[in-house]
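1. have a look; sequence and predicted model below, questions after that.
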Amino acid sequence: FFSCLLCPVTMGSLISDLMKEGEAEKVDLVELLGDKLVTKDGPVQTAETLADKTVGLYFSAHWCPPCRQFTPQLAVAYTKDLAMNGMEVVFISLDQNDDAFNSYFSQQPWKALPFDIASTKKNDLMAKFGLSGIPALIIVDTDGVVVTKDGRGAVGNDPTLSKFLQKKEPKGESSS
């Protein structure tokens, strides 16, 4: 059972303590999340959906008041800027049952880890990223490198996440 982190300063401090400067953690999102994600329109392939995208892993739950406060803020950023600038968000539910997951996910514009998978993987995923509370937004770049474990603070500071959504040159091309 995880608790809500009521103070964003606490979350930022906790996360900065967990990440050592200059240490790049690389993750394989398909290995972590599995082959399929869910959308409002049904299942999609994880690899295809997340290919060449910056990904936000959003740990949240309906029972958590700070989550219910942050989710609409993230949803506005996502629909206004993030999705069109190459970012996908994946909701990883810490809800206690499928009904709570479905109710909460219905308010979200992004993909989700299927509830049955999230319920079995959430503890391992939280431990993998050193998280002890929610809401938490982990941002992974297009190369699978964890660029911040304080995506929540980053969205609060810059809803466009421009620092993390730098356009990369296509492979094989150079700017001359």
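-> Alright, I've got the coordinates. Residues are numbered from 1 along each chain as shown.
2. surely Asp124 is within a helix?
-> Yes. Judged by DSSP: H, G, I helix; E, B strand; the rest coil, Asp124 forms part of a helix.
3. now the terminal residues of stretch 49-58, how far apart.
-> Length of stretch 49-58, first residue to last, C-alpha to C-alpha, to the nearest Å: 16 Å.
4. now it: average pLDDT?
-> Averaging pLDDT along stretch 49-58 gives 96.
5. make 13 the first number, not 1, from now on.
-> Taking 13 as the first residue, the last one we looked at is stretch 61-70.
6. now it: buried residues?
-> For stretch 61-70, a neighbour-count test (16 or more other C-beta atoms under 10 Å) marks 61-62, 65-70 as buried. C-beta: built from backbone N, CA, C; applies to glycine.
7. got it, and stretch 109-127?
-> Per 16+ other C-beta under 10 Å, stretch 109-127 contains these buried residues: 112-113, 116-117, 120, 122-127.
8. how long is that stretch end to end?
-> Per C-alpha to C-alpha, the first residue of stretch 109-127 is 8 Å away from its last.
9. now do that stretch: distance to the chain's middle.
-> Centre-to-centre, stretch 109-127 and its host chain are 14 Å apart (C-alpha atoms, centre = their mean, to the nearest Å).
10. ok, now stretch 142-150?
-> Distance, centroid of stretch 142-150 to centroid of chain: 9 Å (C-alpha atoms, centre = their mean).
11. in helices, which of the buried residues of stretch 61-70 fall?
-> 61-62 (DSSP state H).
12. residues contacting the nearest residue to Ala112 once chain neighbours are set aside?
-> Spatially, and ignoring its direct neighbours in sequence, Ala112 is nearest to His74 (4.8 Å; C-beta to C-beta, 6 or more residues apart in numbering). Contact analysis of His74 by C-beta atoms under 8 Å, 6 or more residues apart in numbering lists 80, 107, 112-113, 115-116.
13. which of the buried residues of stretch 109-127 fall in helices?
-> Per DSSP H, these map to helices at 112-113, 116-117, 127.
14. okay if I get the residues you listed as CSV plus pLDDT and distance to Leu177?
-> Formatted as CSV, those follow (pLDDT from 0 to 100; distance: C-beta to C-beta, whole Å):
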residue, pLDDT, distance to Leu177
Ala112, 96, 31
Phe113, 96, 28
Tyr116, 97, 26
Phe117, 97, 24
Phe127, 96, 29
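15. so which residues of this structure form strands?
-> Per DSSP state E, the chain carries strands over the ranges 15-16, 37-38, 48-51, 54-57, 66-72, 99-105, 123-124, 145-146, 148-152, 157-160.
16. just checking, Gly68 touches Ala148?
-> No. Contact between Gly68 and Ala148 fails when scored by C-beta atoms under 8 Å: they sit 10.1 Å apart.
17. what touches both of these two?
-> Here Gly68 and Ala148 have Gly163 as joint contacts, going by C-beta under 8 Å, 6+ apart.
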